[in-house]
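Q: From the sequence below, what's the structure:
(chains A and B)
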Protein chains: 2
Amino acid sequence: MYERIKGFRDFYPGAMAAHRQVVDTVESAVAGYGFREIATPALERTQLYVDKSGEEIVEELYSFTDHGGREVSLTPELTPTVARMVVERHQELSKPIKWYSTRPFWRYEEPQQGRFREFYQTNVDIFGSDAPESDAEILAVAADALTDCGLDADDFEFRVSHRDILGGVLRSMDADVDVPAAIRAVDKSEKIERAAYHDLLVDAGLDLAQAQSFADLLDAGDLDAVVEFAGTDEVAAAVENLREVLAAAEDFGARRYCTLSLDTARGLDYYTGVVFECFDSTGEVGRAVFGGGRYDDLIESFGGQPTPAVGFAVGVMNSTLPLLLQRAGVWPEEAVSTDYYVLSVGDTRPVAAEVARDLRARGNVVEADVAGRSFGAQMGYADSINAETVVIVGERDLENGEVTVKDMESGDQTAVPLAEFPGERDRPTYDDYA
Amino acid sequence: MYERIKGFRDFYPGAMAAHRQVVDTVESAVAGYGFREIATPALERTQLYVDKSGEEIVEELYSFTDHGGREVSLTPELTPTVARMVVERHQELSKPIKWYSTRPFWRYEEPQQGRFREFYQTNVDIFGSDAPESDAEILAVAADALTDCGLDADDFEFRVSHRDILGGVLRSMDADVDVPAAIRAVDKSEKIERAAYHDLLVDAGLDLAQAQSFADLLDAGDLDAVVEFAGTDEVAAAVENLREVLAAAEDFGARRYCTLSLDTARGLDYYTGVVFECFDSTGEVGRAVFGGGRYDDLIESFGGQPTPAVGFAVGVMNSTLPLLLQRAGVWPEEAVSTDYYVLSVGDTRPVAAEVARDLRARGNVVEADVAGRSFGAQMGYADSINAETVVIVGERDLENGEVTVKDMESGDQTAVPLAEFPGERDRPTYDDYA
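A: Sure, this is the predicted structure:
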């Protein structure tokens, strides 16, 4: 027997039905805001990732040399690819550019719960606007995607912060501080002891007293105090921007899901403005469900015109969102559903086939026998696919111009004139004829 | 500027909208027959393909050694993966197993029109039935997928044949013939000169007279003559099976798309029964659009129980189906569509946002300003996204409790009381208020 590769997953129909429902719900919410679907390659040149993240990224990549001698990698994330696409057609694309897509990505990391080597994400981005409304729309569409899945304000929170508050406060302090290192320390602060957090800040260049007052300032989350502490235009502007984004989020219906959380940093160095992370309000899902934010410098770093950008990526399929939906009790049933099974016994295939085609043309999922099986075997199969209604097309019934319509929940059945089934109805059931 | 890899394609929103519509149409037809969606890994062990197709397949694979020392390949086709999945859960899966999926595959081949190194397919398969109804259902669902895309019986034909007719006739002849080689010769016969075709058959072990009579027999397509020529039970049974499949296809509404075509062979060695290829009836798309057939031995060859199987794979996205739909003039418009643009001018953002949210909740695609732009810039953007209706929320209108509803096709506009927009309507337009 052949084995699936470690960290990869097969999705069989029952589980897939639930995942499909969630992905469709997320994509439908996103499409409702006018984000447009794109599709992108599974392979890119390895250089794209090395230039962005350094040589050490290669250890996490599925990278290789193709038969034409190209150094290529399975895409570990979408951002470099969309950056490449925006740069390539920058002139002809009308701004703002609003794109989404759902697809797998690949990273050679140690698998754990909710983390596979092949993982699926829906990516949602706006390019070409630095207005607070664009950050707020990202928060709003993310919130709508979750509430459309059945979550409510008690289930999740968006912890919102601003990179230039963190960086600006650090730069305002009298110290030779490594800002990215300090921000990475903030990013880890929730997961480590207070003393270890302070140590990381000291490693980044603060003295211990500075580290303590910086950490306390972020904890307090008082924006006026932050402005006063820093005393710089940079921090004042960042606070002003954060307030504008939250005000727009209020208008867009998303403010109620947002918590000010200055020690939310997002690990990735490329964020430049408002950042957020979605958390399970109960804490049962222990790490961030997903996150996003503003990354205004990235397109330029890929050789494009300066282009502001803001977005998020949510893990779907074998990732974190299903964990939150399961915790909240709104995960769809992992089962296939079938509107009709058309059961043919005896020499009735032409009529059974016509009934099946008629029901399909009205938008129903309809199975019929393709294995030449007995009445009992067909009834057992109809049950196994959760058929709601079985239409029995038997020789004796047909002599009377009838079929039998059986409700599979109750087991009730009744004879119905063939001419009246399905008749005018798009989705006729036993109850329509009882 | 970074470059896309040769043979790979980016799908921007306009083109993607057309492709998405076609993929959704195909998948909807397939789902209507009770085929169930699955999702499968992008990587498999290289051995899976070597065992099936021999070492030479590696030249066509994107294969490499991963960081854990595994020999792996980007999947060049779905069949070995679904065979692996069927084998793994054979006991618990109720038969027949009916699966579909749409996803990319990868082959290192020379790109040409309609053939990329990354190409997308919808695969549709039935496992666990050898009844003629299962072959016929595959023909029927393939035909429905095409007619649902807007094609009709004048646009395409399914050339139908049977592997055991070809093989059986060859085995009935008084010659030491290499049957797979002869079948590959048949597969090439349409594309090469008659003499060259005869030569290939001679290479496979026939003498010239045998080669000519074999070729003539296939051309004539007279099933009774074939049975008589061979005089074996094997060929008689194959002809009977083909007739049963076509009779079931008649009941299922698909016979009208089928042409008996004994020199349709399908190149792949693993087919075992009825095979078919879809061709453009006008011949403008010069090669097979897609094909499929029965492959009863494959699951067993992957270590499973003997399991009959039949299916097809149709190339979507950057493949052959779009070429046929374009030739027939039923390719969807390559453009994004937008139901509403809600244009906010002045201090009206809260009301504009509420209007936008209200329209979205009714299932519409609604964009609103996220870039703080002027009336004119917003109107230009609304036009660029093909907005059907623009709802203008201006300060003066709002003082009168009104918004302006503008039809973007005609340019007509009218003031509407805010309380009546959208009112009871799911999709209000200018005409509703004019």
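Q: Name the residues of stretch A:284-300 that are buried.
A: By neighbour count on 16 or more other CB atoms under 10 Å in any protein chain shown, the buried set for stretch A:284-300 is A:285, A:288, A:289, A:290, A:291, A:292, A:293, A:294, A:295, A:296, A:298, A:299. C-beta here means a position set from N, CA and C on the backbone, and glycine is covered the same way.
Q: quick one: which of those residues is nearest to chain B?
A: residue A:299 (11.6 Å; CB to the nearest CB).
Q: Next, the contact list for that closest one, please.
A: The neighbourhood of residue A:299, defined by CB atoms under 8 Å, 6 or more residues apart in numbering or on different chains, consists of A:83, A:86, A:87, A:127, A:305, A:306, A:307, A:309.
Q: before we move on, back to that, mind checking which of the buried residues of stretch A:284-300 land in strands?
A: Taking DSSP state E, the ones among these that sit in strands are A:290, A:291, A:292, A:293, A:294.
Q: so what's the third one bridging to?
A: As for beta bridges, residue A:292 partners with residue A:276, residue A:312 under DSSP bridges.
Q: For it, give me its contacts.
A: A:124, A:138, A:142, A:275, A:276, A:310, A:311, A:312, A:313.
Q: So which residue is smack in the middle of chain A?
A: Closest to where the C-alpha atoms of chain A average out (CA atoms, centre = their mean) is residue A:314, at 3.1 Å.
Q: Give me the pLDDT value at the nearest residue to that one once chain neighbours are set aside.
A: Leaving aside its sequence neighbours, residue A:314 sits nearest to residue A:290 (CB to CB, 6 or more residues apart in numbering or on different chains; 4.1 Å). Looking at residue A:290, its pLDDT stands at 95.
Q: Surely residue A:290 is in contact with residue A:322?
A: No - counting by CB atoms under 8 Å, residue A:290 does not reach residue A:322; the two are 11.7 Å apart.
Q: Now list whatever residues contact both of the two.
A: Common neighbours of residue A:290 and residue A:322 (CB under 8 Å, 6+ apart) do not exist.
Q: Specify the local secondary structure of residue A:51.
A: helix (DSSP: H, G, I helix; E, B strand; the rest coil).
Q: neighbours around it, how many?
A: Neighbouring residues of residue A:51 were enumerated by other CB atoms under 10 Å in any protein chain shown; the total is 15.
Q: Okay, now the unreliable bits of chain A?
A: A:267-268 (pLDDT under 70).
Q: Can you spell out the domain ranges of it, please?
A: A:13-327, A:338-433 (automatic domain parsing).
Q: Now do the shortest one: distance from first to last residue.
A: Put plainly, it is domain A:338-433. 20 Å (CA to CA, to the nearest Å).
Q: Okay, buried residues for stretch A:93-111 please.
A: Buried residues in stretch A:93-111 (16+ other CB under 10 Å): A:93, A:95-108.
Q: from those, which ones fall inside strands?
A: Among the buried residues of stretch A:93-111, DSSP E puts A:97, A:98, A:99, A:100, A:101, A:102, A:103, A:104, A:105, A:106 in strands.
Q: Enumerate the residues of the stretch 301-434 of chain A near chain B.
A: Residues of the stretch 301-434 of chain A lying near chain B by CB under 8 Å from any CB of the partner chain: A:302-303, A:317, A:336, A:338, A:349-350, A:353, A:357, A:360, A:363-367, A:369-372, A:381, A:384-385.
Q: hmm, try it at 6 Å
A: A:303, A:336, A:338, A:349-350, A:353, A:357, A:360, A:365, A:367, A:370-372, A:384 (CB under 6 Å from any CB of the partner chain).
Q: from the residues you listed, which two are the most distant?
A: The distance between the two most remote of those (CB to CB) is 63.8 Å, for A:303 and A:350.
Q: neighbouring contacts of stretch A:210-225?
A: A:173, A:175, A:198, A:201, A:202, A:229, A:239, A:260, A:262, A:263 (CB atoms under 6 Å, 6 or more residues apart in numbering or on different chains).
Q: Of these, just say which sits nearest to chain B.
A: Nearest member of those to chain B, counting by CB to the nearest CB, is residue A:239, at 19.1 Å.
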